[in-house]
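K.L.:
here is a sequence with its predicted model. Questions after.
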Number of protein chains: 2
Amino acid sequence: MKSRLTMNPDAFDLSEYLAKKRNLLDSTLLKILSMQSAELELTRAVSHSLMAGGKRLRPVLCMAAAQALGGDYHLALPPACAIEMIHTYSLIHDDLPAMDDDDLRRGVPTCHKAFSEATAVLAGDALLTHAFTVLAHPAPYFNIVPNNATLLELVFMISRAAGVNGMVEGQMMDMLAPDMDMPRENALNYLKKLHWLKTGQMIKVSVQAGAVAVGGSREMVDQLGRYSEKIGLAFQVVDDILNVEGDPAVMGKATGSDAEHEKLTFPALLGLEPSRKFAKELVADAKDSLISFGEKARPLMAIADYIITRKR
Amino acid sequence: MKSRLTMNPDAFDLSEYLAKKRNLLDSTLLKILSMQSAELELTRAVSHSLMAGGKRLRPVLCMAAAQALGGDYHLALPPACAIEMIHTYSLIHDDLPAMDDDDLRRGVPTCHKAFSEATAVLAGDALLTHAFTVLAHPAPYFNIVPNNATLLELVFMISRAAGVNGMVEGQMMDMLAPDMDMPRENALNYLKKLHWLKTGQMIKVSVQAGAVAVGGSREMVDQLGRYSEKIGLAFQVVDDILNVEGDPAVMGKATGSDAEHEKLTFPALLGLEPSRKFAKELVADAKDSLISFGEKARPLMAIADYIITRKR
């Protein structure tokens, strides 16, 4: 009877699922931080940004993908932690005065505001570098870990998504975008490419890393790739919408900044209502690509829904 | 007869050795760069700094260590390239206005001067991240590569030396140092720890990675570790000396800046002549620890000598 109850779609409680996974992540990230003996100022800056209460979307996706394949999500915890460390480094560097120049992130002062610009550059560098140390030698922090061949594959996948043909290039495109004057259709293509590089690839690799960590087949990894490409883009469309109509108190940062800076966004190019429709279609497509995974994909399904209903 | 000639110590030509190894490195790094499809501005910035004609000390050490063990130095080329990419990223970030605020590096404008501050942050991030992509999946760039277990070990060793308990922490100590007021002996200890973290660990891992790449035993790796700790410190002592009495035209950057900024240096703490003596002793100790490797360690011996006789 118990398994039947769990099989009931209505019985799945996403908030409970997210809370449990976030707790596991937070305690593991704290363990990773506590085993550092680095300069106090650097440890404090890293901890300030890493433990600032982010959504933990990427690592939760990583663990949920492992479960969608019937695997033990604990095997996905090493890549999940590495990905969250890399995500946090990217936020610290993106917030720098030379980049987006943001004062507030997740409701607290950004790293360079709370510490100094030099410390923020180094805290980002430290997180990025340490993510690969943890992934290449996870034994001190985790109870069970993927085999060496899988770990090496994860280092490759994750660094590629974060690097010069992924997240870093996307941020570069974002930096260059305001100088660009182009027709609407080109602008939309530029925006899609920018988001695919800046956030899409890291969201995709979060999902696929979870699948690879539990030994998923190439076919299953590819199928989850389709899901993750859709939710990645939907996530960014919703981000743009929230910047227009979100509640700053809930979001922990100022809204309206995109319009103020005349930034290239989906609402600016398509309008608000068509942007909402676009995000909904993407999420519906994403969920369709999960059908063959059955009930095991329920967390991934619920996360897809959460991406368009979230308020921050 | 031929082997006898090569065995003759006088026959070893370090400049020829360095030139050959640098050529191999440069062509391999260019291959790595050319296989990127990233945003043109980012590629140009990365290339500007990576191909600015550095000494290539770390990667040459890596290959020379492989040879000291009788191994094929081509197996050490993947870690050698990764280490040079990481070294270059650290220079780009260290030169930033929020850090050392340097305008000139290796005789050309620093990355943020030639491009922009945002581009320099991202070029550094790109190099650091891509170093691990190359190391985790070296096949596209190299003819022969270490096995997967060795590659994972190299990712671990190198990221650890570059990270929060290594190079990044050293740079943080360097940033905090000018605010510190302390007795001479404490200052000397602080300086030694700073250099061990900021440059020593990366020099040590350069040597040890070369040994690991060719399957060196734990004992041999440890023995080379002693050599590399000595030359790493000597290198830094000589750097400080060159900042006092070096020729700016040869060095490709301004000299005298340490004294101007009242920076903690070996000449400032010990005096010039005792600093020279200290460097010489370190190099002699380093060479002593190579004796059991015999003639195969000739390149490492010659590099140790070069470290104190270099003019830049």
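P.N.:
Looks like it arrived, so ask away. Numbers count the residues shown, from 1 in each chain, chains lettered A, B, ... in the order given.
K.L.:
quick check: longest helix of chain A.
P.N.:
When chain A is scanned for its longest helix (criterion: DSSP state H), the result is helix A:218-245.
K.L.:
that one - what's its average pLDDT?
P.N.:
If you average the pLDDT over helix A:218-245, you get 95.
K.L.:
elements contacting it?
P.N.:
helix A:57-68, helix A:184-195, helix A:201-213, helix A:257-260, helix A:266-270, helix A:272-288, helix A:298-309 (3 or more CB pairs under 8 Å, 6 or more residues apart in numbering or on different chains; DSSP states H and E). C-beta here means a position set from N, CA and C on the backbone, and glycine is covered the same way.
K.L.:
tell me, how many residues neighbour A:Tyr306?
P.N.:
The tally of other residues near A:Tyr306 (other CB atoms under 10 Å in any protein chain shown) stands at 19.
K.L.:
need the contact list for it.
P.N.:
Shown in contact with A:Tyr306 (CB atoms under 8 Å, 6 or more residues apart in numbering or on different chains): A:Leu14, A:Leu18.
K.L.:
before we move on, back to that, gap between the next helix or strand after the longest helix of chain A and the chain center?
P.N.:
Per DSSP states H and E, the first helix or strand lying C-terminal to helix A:218-245 is helix A:248-251. Mean-position distance between helix A:248-251 and its chain equals 19 Å (CA atoms, centre = their mean, to the nearest Å).
K.L.:
look at A:Asp103 and say how many residues are nearby.
P.N.:
A:Asp103: 13 neighbours (other CB under 10 Å).
K.L.:
right, and it touches A:Pro109 too?
P.N.:
Yes - contact status for A:Asp103 versus A:Pro109: in contact at 6.5 Å, counting by CB atoms under 8 Å.
K.L.:
the inter-axis angle of the longest helix of chain A versus helix A:272-288?
P.N.:
Interaxial angle of helix A:218-245 relative to helix A:272-288 (axes from the mean of the first three to the mean of the last three CA atoms, to 10 degrees): 160 degrees.
K.L.:
can you get me a residue count around the nearest residue to A:Ala139 once chain neighbours are set aside?
P.N.:
Spatial nearest neighbour of A:Ala139, excluding adjacent residues (CB to CB, 6 or more residues apart in numbering or on different chains): A:Val145 at 6.1 Å. A total of 18 residues lie near A:Val145 under the criterion other CB under 10 Å.
K.L.:
list the buried residues for the longest helix of chain A?
P.N.:
Buried residues in helix A:218-245, counted by 16 or more other CB atoms under 10 Å in any protein chain shown: A:220-221, A:223-225, A:227-244.
K.L.:
how far away is A:His87 from chain B?
P.N.:
Applying CB to the nearest CB, to the nearest Å, the value for A:His87 to chain B is 13 Å.
K.L.:
helix or strand for that residue, which one?
P.N.:
Counting by DSSP H and E, A:His87 is part of helix A:77-94.
K.L.:
could you pull out the strands for the stretch 1-150 of chain A?
P.N.:
Here the stretch 1-150 of chain A has its strands, by DSSP state E, counting those that start in this stretch, at A:104-105, A:108-109.
K.L.:
in the stretch 1-150 of chain A, where is pLDDT below threshold?
P.N.:
A:1-11, A:36-39 (pLDDT under 70).
K.L.:
how about stretch A:69-81 and chain B, any contact?
P.N.:
No - contact of stretch A:69-81 with chain B is not found when judged by CB under 8 Å from any CB of the partner chain; the minimum separation is 12.4 Å.
K.L.:
go through the helices and strands packed on helix A:218-245 and find the least confident stretch.
P.N.:
Among the helices and strands packed on helix A:218-245, helix A:257-260 scores lowest, at a mean of 78.
K.L.:
got a list of what the most centrally placed residue in chain A touches?
P.N.:
Residue closest to the average C-alpha location in chain A (CA atoms, centre = their mean): A:Arg58, at 3.6 Å. For A:Arg58, the contact set (CB under 8 Å, 6+ apart) comprises A:Ala80, A:Ile83, A:Glu84, A:His87, A:Met202, A:Ile203, A:Ser206.
K.L.:
now A:Glu229
P.N.:
A:Trp196, A:Gly200, A:Lys204.
K.L.:
out of those, flag the one nearest to B:Leu135.
P.N.:
Distance to B:Leu135 across the contacts of A:Glu229 (CB to CB) is lowest for A:Lys204, with 21.8 Å.
K.L.:
contacting residues for the closest one?
P.N.:
Going by CB under 8 Å, 6+ apart, the list of residues near A:Lys204 reads A:Ala161, A:Gly225, A:Ser228, A:Glu229, A:Gly232.
K.L.:
pick out whichever of those sits closest to chain B.
P.N.:
Of all those, chain B sits closest to A:Ala161, with 9.3 Å by CB to the nearest CB.
K.L.:
out of the strands of the stretch 1-150 of chain A, indicate the one that is most buried.
P.N.:
Comparing these by mean neighbour count (mean count of other CB atoms under 10 Å in any protein chain shown), strand A:104-105 comes out on top with a mean of 18.
K.L.:
what packs against that strand?
P.N.:
So strand A:104-105, by 3+ CB pairs under 8 Å, 6+ apart, packs with no helix or strand.
K.L.:
quick one: strands adjacent to it?
P.N.:
strand A:108-109 (antiparallel) (DSSP bridges).
K.L.:
run through who's touching the partner strand.
P.N.:
Outside strand A:108-109, the residues that touch it by CB under 8 Å, 6+ apart are A:His48, A:Ala52, A:Asp103, A:Ala114, A:Gly252.
K.L.:
report the distance from that strand to the chain centre.
P.N.:
Strand A:108-109 sits 20 Å away from the centroid of its parent chain (CA atoms, centre = their mean).
K.L.:
hmm, A:Lys21 is touching A:Pro59, no?
P.N.:
Yes - using CB under 8 Å, A:Lys21 makes contact with A:Pro59 at a distance of 7.5 Å.
K.L.:
who's more crowded, the two?
P.N.:
The neighbour comparison of A:Lys21 against A:Pro59 (other CB under 10 Å) goes to A:Pro59, with 29 against 22.
K.L.:
count the neighbours of whichever residue of the stretch 201-312 of chain A sits closest to chain B for me.
P.N.:
The minimum distance from the stretch 201-312 of chain A to chain B, using CB to the nearest CB, falls at A:Met202 (11.4 Å). A:Met202: 22 surrounding residues under other CB under 10 Å.
K.L.:
distance of A:Leu127 from chain B?
P.N.:
For A:Leu127, the distance to chain B - CB to the nearest CB - is 8 Å.
K.L.:
find the nearest non-adjacent residue to that residue, please.
P.N.:
In space, A:Leu127 is closest to A:Tyr89, 3.9 Å off (CB to CB, 6+ apart).
K.L.:
touching, the one you found and A:Leu128? I think so.
P.N.:
Yes - the pair A:Tyr89 / A:Leu128 is scored as a contact, 4.4 Å apart, by CB under 8 Å.
K.L.:
can you give me the helices in the stretch 1-150 of chain A?
P.N.:
Remark: helices assigned in the stretch 1-150 of chain A by DSSP state H, counting those that start in this stretch are A:2-7, A:14-34, A:40-50, A:57-68, A:77-94, A:111-114, A:117-136, A:148-162.
K.L.:
would you turn those into a markdown table with distance to A:Leu176?
P.N.:
Below are those laid out as a markdown table (distance: least, CB to CB, whole Å):
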| stretch | distance to A:Leu176 |
| --- | --- |
| helix A:2-7 | 49 |
| helix A:14-34 | 33 |
| helix A:40-50 | 25 |
| helix A:57-68 | 25 |
| helix A:77-94 | 14 |
| helix A:111-114 | 22 |
| helix A:117-136 | 20 |
| helix A:148-162 | 19 |
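K.L.:
per-residue confidence for A:Glu262?
P.N.:
78.
K.L.:
distance of it from A:Met251?
P.N.:
From A:Glu262 across to A:Met251, the span is 21 Å (CB to CB, to the nearest Å).
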